[in-house]
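>>> Quick one: sequence and predicted model below, then my questions.
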Amino acid sequence: MNQNNITSNNHLHEMFSKIIDQIETYAKQGTSAYEVEKSIFKELLKIGLQIMMYFFQQSGTGEQGGSISLTNGKTLKRLCGLRDKPYQTIFGEITIQRTAYGLREKQKIEFPLENNYSYRLIRIHIYCKSGSSH
């Protein structure tokens, strides 16, 4: 999903309302707790992904000036334009537009404000998506 696909925080409220409406329907239909829990979890993953997209939208592009200094002593200059950067969240992968830094174009590019993903959260995500039961 691309960061540009974000609507607004109103969309997030609508997503929550949809879950509540569905719960009421499940209760009337006598749906099993297991099926309800599974449905809620899938919807919460979707909401989490939208919230992360909203977070990146609100956080800006990560621009830190004309240059940055890395912990290894290297100084990198800001490269022209924004770059699409894949970012793996516990909720799924998104593409965010970030300011990039490097020695020059077509060499390794640094995005100083985030890693590509959180290893611990990704392990949890893989476990949850594998369909493991208690």
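Done, it's in.

>>> Tell me how confident the model is about the longest helix belonging to the chain, as a mean pLDDT.
Longest helix of the chain, by residue count under DSSP state H: helix 33-59. Averaged across helix 33-59, the pLDDT comes to 91.

>>> Also stretch 109-127?
Mean predicted confidence for stretch 109-127 is 63.

>>> And stretch 80-95, by the same measure?
pLDDT averaged over stretch 80-95 gives 87.

>>> Now do the same contact list for residue 96.
Applying C-beta atoms under 8 Å, 6 or more residues apart in numbering to residue 96 gives the contacts 3, 53, 56, 84, 85, 87. Just so you know, the C-beta spots here come from the backbone N, C-alpha and C atoms, and that holds for glycine as well.

>>> How much space separates it from residue 34?
According to C-beta to C-beta, to the nearest Å, residue 96 and residue 34 sit 35 Å apart.

>>> Leaving out the residues flanking it, which one is nearest to the residue nearest the centre of the chain?
Centroid check for the chain by C-alpha atoms, centre = their mean gives residue 52 as the closest residue, at 4.1 Å. Among residues not flanking residue 52 along the chain, residue 89 sits closest, at 4.8 Å (C-beta to C-beta, 6 or more residues apart in numbering).

>>> What of residue 51?
Closest to residue 51 by C-beta to C-beta, 6+ apart is residue 12, at 6.5 Å.

>>> Mind checking the pLDDT average for the strand or helix carrying the one you found?
Here residue 12, judged by DSSP states H and E, is contained in helix 9-29. What helix 9-29 shows for mean pLDDT is 91.

>>> okay, the angle between that helix and helix 33-59?
180 degrees (axes from the mean of the first three to the mean of the last three C-alpha atoms, to 10 degrees).

>>> The host helix or strand of residue 94: which residues count as buried?
Using DSSP H and E, residue 94 sits within strand 92-102. With burial defined by 16 or more other C-beta atoms under 10 Å, the residues of strand 92-102 counted as buried are 94, 95, 96, 97, 98, 99, 100, 101, 102.
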